[in-house]
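Asks: Dropping the sequence and predicted coords here.
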Amino acid sequence: MRRHRGLLAAALLAIVCGLVAVLVPWQPVRIVAALPLTLFLPGYALTAAIFGTRQLDRAREIVLGLAVSLALLALGSILLSAVGIYPGTWALLLAVFTVAGCAVGMARRGPERRREPRDGPRRRLRRRDGAILLAATALGAVAIVLTQVSFDAGDADGYTALWMLPGHGGKSVEVGVASAQHTPWSYVLDVHPHGSRPIVESFQLRPGDEKILRLRLPVRADGRPLKVTASLYREGAHGEPYRRVVNWVSPREPS
């Protein structure tokens, strides 16, 4: 197993880094674990799987491992964004990919690992290549850190969403308010079915909170649609409503 020592170590390290990135609650530790899992291990495993029995010198392995890992990270982010990224998904996929690549590399190398013939002295990583390697590693690390850091929105404007949907059989309405403001806001919601007394409720929402009200409506004797107006005000603010929604609710016979 000595000939596969590097691949075995890479597979084990990928499993450990993936588990730490998913399970450990401390963000600095998760970022440290994510660095080798995103910047080197997947590319190293894929390079070993592709070249198989042909052994590369250490400098080429490092450069190819970094370059291929960055390419896989970019392609993987596009793929995950299409199917939906969930917490821990990227870490688990990179760990599984690395372990699979190491397994393929060990299988292709077989019992006897043939070395690439070398003419002349052994090649070493030149200073220029080393500087480029360190710069690319630093940029990748900064990119990972930036994805984990929340920045102040500054002068960006927040907003509040208001919507209204008819309930079952047209006998009720569902009114929703969702806050995407930067600070907690207090609201006054006025739901007014035409010809009836308005229903007024006050509440406060923090950023990201949502409130849904389900209100029964009066039944019209003539069966015609009922106009319902929902007006949202900021508490303490007078004049025009902050948001307003109008809906015509038609009673329906049960099917």
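Replies: Received the coordinates, thanks.
Asks: Skipping its backbone neighbours, what lies nearest Gln204 in space?
Replies: Using Cβ to Cβ, 6 or more residues apart in numbering and skipping the chain neighbours, the partner closest in space to Gln204 is Ser186 (4.6 Å). Yep, even glycine has a C-beta here, placed from its N, CA and C like the rest.
Asks: how many other residues sit next to the one you found?
Replies: Other residues within reach of Ser186, judged by other Cβ atoms under 10 Å, total 13.
Asks: quick one: contacts of the helix or strand where it lies?
Replies: Using DSSP states H and E, Ser186 sits within strand 185-193. With Cβ atoms under 8 Å, 6 or more residues apart in numbering as the contact definition, strand 185-193 has outside contacts at 160, 173, 175, 177, 179, 198-205, 213, 215, 217-218, 226-236, 241-242.
Asks: do stretch 40-48 as well
Replies: So stretch 40-48 is contacted by 7, 10-11, 13-14, 17, 56, 61-62, 64-73, 94, 97-102, 104-106, 108-109 (Cβ under 8 Å, 6+ apart).
Asks: Give the rounded mean pLDDT of that stretch.
Replies: Average pLDDT, stretch 40-48: 84.
Asks: Can you give me the pLDDT of the residue nearest to Gln204?
Replies: 93.
Asks: now it: how far from Ala48?
Replies: Per Cβ to Cβ, to the nearest Å, Ser186 is found 60 Å from Ala48.
Asks: Can you show me the helices along the stretch 51-200 of the chain?
Replies: Counting by DSSP state H, counting those that start in this stretch, the stretch 51-200 of the chain has helices at residues 58-83, 89-109, 127-148.
Asks: least reliable of those helices going by mean pLDDT?
Replies: helix 127-148 (a mean of 62).
Asks: So Val24 versus Ser196, what's the distance?
Replies: From Val24 across to Ser196, the span is 56 Å (Cβ to Cβ).
Asks: could you list every residue that touches Pro225?
Replies: So Pro225 contacts Trp248, Val249, Ser250 (Cβ under 8 Å, 6+ apart).
Asks: Quick check: it vs Leu217, distance?
Replies: Using Cβ to Cβ, Pro225 is found at 11 Å from Leu217.
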